[in-house]
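Peer 1: model this:
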Amino acid sequence: MKLSRKTINNKDYTYLDLTNAYDSSTLNNLSNESSYYTVNPQNRFLKMLISKGFVEEAPLTLLVASNIDKYVLPSGFYCRKAKESEIPVVTGIGEETYPEWLKHDASFYKKAIEEPNMDVFVVVDSKNKIAGKIIADCELGICKMRALGIKPEYRGYGLAKAIVSYLINSNNNIDEFSTLCMEDAIKFFKTLGFVEQNRFSHWVIFNKKQHEK
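Peer 2: Numbering: from 1, shown residues only. Reported below is the predicted structural model:
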């Protein structure tokens, strides 16, 4: 069984590779001081994972697209890149349904703005108030879209479709766009032309002290 370290939203996890493992002995020696996660474990490991305190998070689905139709923003709205001073506003928009370990904090958005291959795009109204956001992580012809969110008071205007369309149609050097989304967002992305490629079942156990910070 392979063990590796990974940081998700500035929290450290040990990843357990249980997809092709034959030996479950590592599960008997987990530290109470660490947080662990695994993706798509073999069925024969599930009973032991549950006995160790792992819980299954909502599955995430990988959807991909090469291009989509253009969606025009409603009058008075436009898209642009976010500024560092706007990080407190964009943090958490639309993430109220995310599992705790997938929520993004302010430092994640700061990194996204600073990194050369990442950007945070926002959609704003006529008064320059932020209505929604999305993160683009683009490299080597592939763009991963993350953290799409629209404020509740701005929902129903087609802003989510428009900001995804803006991101895709303004990046002509990208061959493939992808996103990992939860069950309730699959239909939305499929209406845009995305197709389902894979589904991931996540099992997580937390070191409570670390995750209460």
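
Peer 1: how about the residue in the protein that sits furthest from its center?
Peer 2: Distance from the centre of the chain peaks at Ser25, with 31.3 Å (C-alpha atoms, centre = their mean).

Peer 1: for the residue most central in space within the chain, give me its contacts.
Peer 2: The chain has Arg146 as the residue nearest its centroid, 4.5 Å off, counting by C-alpha atoms, centre = their mean. Applying C-beta atoms under 8 Å, 6 or more residues apart in numbering, we find Arg146 in contact with His104, Ile134, Ile135, Ala136, Asp137, Thr179, Leu180. For every residue, glycine as well, the C-beta is placed using N, CA and C.

Peer 1: selecting buried members of those in PyMOL, what would you type?
Peer 2: Command for PyMOL that selects the buried part of the contacts of Arg146, burial taken from 16 or more other C-beta atoms under 10 Å:
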select buried, resi 104+134+135+136+179+180
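
Peer 1: what pairs with the spatially closest residue to Val89 that is not a sequence neighbour across the strands?
Peer 2: Nearest residue to Val89 in three dimensions, chain neighbours excluded: Ile130, at 5.1 Å (C-beta to C-beta, 6 or more residues apart in numbering). Per DSSP bridges, the residues bridged to Ile130 are Val124.

Peer 1: for Gln197, grab phi and psi.
Peer 2: Phi and psi for Gln197, reported as degrees, to the nearest 10, are phi -110, psi -40.

Peer 1: quick one: it from Phe177, how far?
Peer 2: 12 Å (C-beta to C-beta, to the nearest Å).

Peer 1: ok, now Glu57?
Peer 2: Glu57 is 24 Å from Phe177, by C-beta to C-beta.

Peer 1: looking at those two, which one has more neighbours?
Peer 2: Using other C-beta atoms under 10 Å as the criterion, Glu57 and Phe177 rank with Phe177 on top: 25 against 18.
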